[in-house]
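> requesting a structural model of the entry that follows:
(one chain, ligands or ions: 1)
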Amino acid sequence: MKECTSCHAEVVFVKSATSGRVMILNARPVSSVVLRNDLGETAPPDDPAASAHVVPVYTDHHATCSRAKEWRGRSRRNPPPADADSGRRGD
Ligand SMILES: [Zn+2]
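Numbering: from 1, shown residues only. The predicted structure follows:
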């Protein structure tokens, strides 16, 4: 298990599906609800085919880090959880 070098919370590193960059997520998911139609696609609440599914959801650690202020302005140069993406920077 990895930990945030700023606040020492347990975190995991997972690649973003959209950007390809590694995201830092809280290791423990929280339960949340998504609505899906019969095809398994995301559906709005007014969709007659919508049904509620309780799923584990991971939170971006930047949103909850108790020491996030220390990260500002140095995310590229020296991210606190310097890990996981070394050698895989895509820019
Ligand atoms: Zn942290």
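> how much space separates residue 60 from the ion?
Distance of residue 60 to the ion, computed by CB to the ion, to the nearest Å: 11 Å. Just so you know, the C-beta spots here come from the backbone N, C-alpha and C atoms, and that holds for glycine as well.
> ditto for residue 27
From residue 27 over to the ion (counting by CB to the ion), the distance is 11 Å.
> could you check the distance from that residue over to residue 11?
6 Å (CB to CB, to the nearest Å).
> can you list residues touching both of these two?
Common contacts of residue 27 and residue 11 (CB atoms under 8 Å, 6 or more residues apart in numbering): residue 2.
> so those two - more neighbours on which side?
With neighbours defined as other CB atoms under 10 Å, residue 27 and residue 11 compare such that residue 11 has more, 26 against 14.
> I'd like the average pLDDT over the helix or strand harbouring that one.
Per DSSP states H and E, residue 11 falls inside strand 10-15. Here strand 10-15 scores 97 as its mean pLDDT.
> where exactly do the helices run in this structure?
Residue ranges of the helices in the chain, as given by DSSP state H, are 61-64.
> could you pull out the strands for the chain?
Along the chain, counting by DSSP state E, strands occupy 2-3, 10-15, 22-26, 30-36, 51-57.
> what's the mean pLDDT across the third one?
Going back to what we said before, that points to strand 22-26. 97.
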